[in-house]
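K.L.:
Quick one: sequence and predicted model below, then my questions.
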Amino acid sequence: MNLRVDLILESEQRSASVVSLKLLKRLAMIVVPALLILIAMFVMLGTMRMGAQVSNLEAQWKALEPQRDAAQAGIREIGRNAAIVKALDSWPATKLTLHDQLAAIMRLTPETMQITQMTYNQTIAVSARSRARTTTLRMQGKSKGLEEDEVEDRFAEKNIELMASLFRTEEPFATLLSSVNMRGFSDSSDGALPADRIFTLECEYHPRNFLP
Amino acid sequence: MKLPEDKKERTQIIVLIVIVSALALYGLFQVVLRGLMAPRKERRERIAVLEQNIREASLTVRQSQGDEQRNRELIERMREYSDRHLLRPRLGGNLSLGANEKVKVWFREAGLDEPVFQELGRRAVEPARGGDAVRDLVHAYSARVSFKAGLHDVARVMKTIEDSDPCVTVVSLSVTADPKPAPDMLPQHDVAFVVQWPIWRDDDYRETLEAMLQ
């Protein structure tokens, strides 16, 4: 027969476990606030360090900002002045000389042809990407046929075609012109021979671009 | 309060306590740390902005070294254009006096009689385009010149004009043949041309350039 004598009151009984709720409570009361304080200190120290870094950078920026503003103003002024110089450089760059063209017109016009009207005109064409001087030359005149010429011999027409061909191939026009259109018509003026012709020569020049 | 004797129950309670504590800690951290972290975040952002500004500004300052000299060279070129090629106003903005004088010189040099001079006025060289106000500082002054001459004479006066200045431009020329040339005389055609000079839009821009060089 076994007998069990329990001499400890229930209130005096203790758990045999190493971890008790009381211990956990005590640990939490110390560890958690300590942990919080540590983290808060760490964060605050970091924030203070950053504050010092901000002050340092702001001092650097304060010293650098006027220099940057002056540099930017200088860059803007250079851009502006360079644009003006380009606008001025565009004058000689887009210029066409006329004296050599007039000499060429006299040289390339057959003796039996007479220019009665000549108009040379420049305008400035503007597009979204460029600006250019565009030039046209328009001439009207007469091409004399031979008195004994038969209409079929086409002496006057041949001279007109020759002149157009010379404008396409001879300098300075070969380089300057982009198109040459020559047309001949019967000459119905007083005293004109049946073989005489009047002609119109229309030339367009390659555009001369302003400096960008 | 005692933990239960039963090992399983005890473990469950401990796990429960740990979870509740973790949640409580998380809540506490959220409240406390957010308060602490807010200024830290602001400063971090400010540092990033300042560092970028300083980096860009340093680059701009470095790149602008030598700009002053380059700018001076540009202004000197503008002044040279102004002095040598641009038509200068006289007597309070009058351009026709100088232009007419130049035309007379050209015709004298070409051996021709004085032509008829007609002022056409000043205008922008290039039709106005949005945002290109700088180029608009250079305008053109135009004059119409008409006279009677043979084609060789016209070529000669054109050469005189074109050799006199690379900026002076003849923008239009019209020659109408003499309908009834006199016998034994060279034909005298009706000739008219429009000549253009570059000018400053603002008459006192020459002085502005001088001030820039001081």
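P.N.:
Sure thing, it's come through.

K.L.:
so what's A:D190 scoring on pLDDT?
P.N.:
pLDDT, A:D190: 74.

K.L.:
just the one 10 residues further on next, same as before
P.N.:
The pLDDT attached to A:T200 in the predicted structure is 89.

K.L.:
Can you give me every residue that contacts B:F193?
P.N.:
Remark: with contacts taken as CB atoms under 8 Å, 6 or more residues apart in numbering or on different chains, B:F193 is in contact with B:R144, B:V145, B:S146, B:V170, B:S172, B:L173, B:S174. C-beta here means a position set from N, CA and C on the backbone, and glycine is covered the same way.

K.L.:
redo that, cut-off 10 Å
P.N.:
Neighbouring residues of B:F193 by CB atoms under 10 Å, 6 or more residues apart in numbering or on different chains: A:98, A:120, B:115, B:143-147, B:154, B:157-158, B:161, B:170-175.

K.L.:
Write a ChimeraX command that selects only the buried members of these.
P.N.:
Entered in ChimeraX, the line below selects the buried ones among the contacts of B:F193, by 16 or more other CB atoms under 10 Å in any protein chain shown:
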select /A:98,120 /B:115,143,144,145,147,154,157,158,161,170,171,172,173,174,175
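
K.L.:
Among the contacts of B:F193, which are located in strands?
P.N.:
A:Y120, B:A143, B:R144, B:V145, B:S146, B:F147, B:V170, B:V171, B:S172, B:L173, B:S174, B:V175 (DSSP state E).

K.L.:
Which strands and helices lie in contact with the longest helix seen in chain B?
P.N.:
Looking across chain B with DSSP state H, the single longest helix is helix B:7-63. Counting contacts by 3 or more CB pairs under 10 Å, 6 or more residues apart in numbering or on different chains; DSSP states H and E, helix B:7-63 packs against helix A:21-94.

K.L.:
After the helix it packs on, which helix or strand is next?
P.N.:
helix A:99-108 (DSSP states H and E).

K.L.:
how much space is there between B:P187 and A:A104?
P.N.:
Taking CB to CB, to the nearest Å as the measure, B:P187 falls 19 Å from A:A104.

K.L.:
Now do the contacts for B:L213.
P.N.:
Going by CB under 10 Å, 6+ apart, B:L213 touches B:N71, B:R72, B:I75, B:E76, B:M78, B:R79.

K.L.:
At the geometric centre of chain A, which residue sits there?
P.N.:
By CA atoms, centre = their mean, chain A has its centre lying nearest to A:R129, at 6.7 Å.

K.L.:
Quick one: find the helix or strand in chain A with the lowest mean pLDDT.
P.N.:
helix A:155-169 (a mean of 81; mean pLDDT, DSSP states H and E).

K.L.:
Follow the chain on from that one and name the next helix or strand.
P.N.:
helix A:173-176.

K.L.:
quick one: average confidence on that next one?
P.N.:
Mean predicted lDDT for helix A:173-176 stands at 90.

K.L.:
count of neighbours near residue 99?
P.N.:
You didn't say which chain, so I picked chain A. Applying other CB atoms under 10 Å in any protein chain shown, we find 18 residues neighbouring A:H99.

K.L.:
Please refer instead to chain B.
P.N.:
23.

K.L.:
For the nearest residue to it once chain neighbours are set aside, name its beta-bridge partners.
P.N.:
Of all residues not flanking B:A99 in the chain, B:A143 sits nearest, at 5.0 Å (CB to CB, 6 or more residues apart in numbering or on different chains). For B:A143, the beta-bridge partners under DSSP bridges are B:E119, B:V195.

K.L.:
contacting residues for B:A143?
P.N.:
Contacts of B:A143 (CB under 10 Å, 6+ apart): B:87, B:95-96, B:99-100, B:102-103, B:117-121, B:193-197.

K.L.:
Let's see that with 7 Å instead.
P.N.:
With contact set as CB atoms under 7 Å, 6 or more residues apart in numbering or on different chains, B:A143 has these partners: B:A99, B:V103, B:F117, B:Q118, B:E119, B:L120, B:V195.

K.L.:
Buried ones among the contacts of B:L213?
P.N.:
Buried members of the contacts of B:L213, scored by 16+ other CB under 10 Å, are B:N71, B:I75, B:M78.
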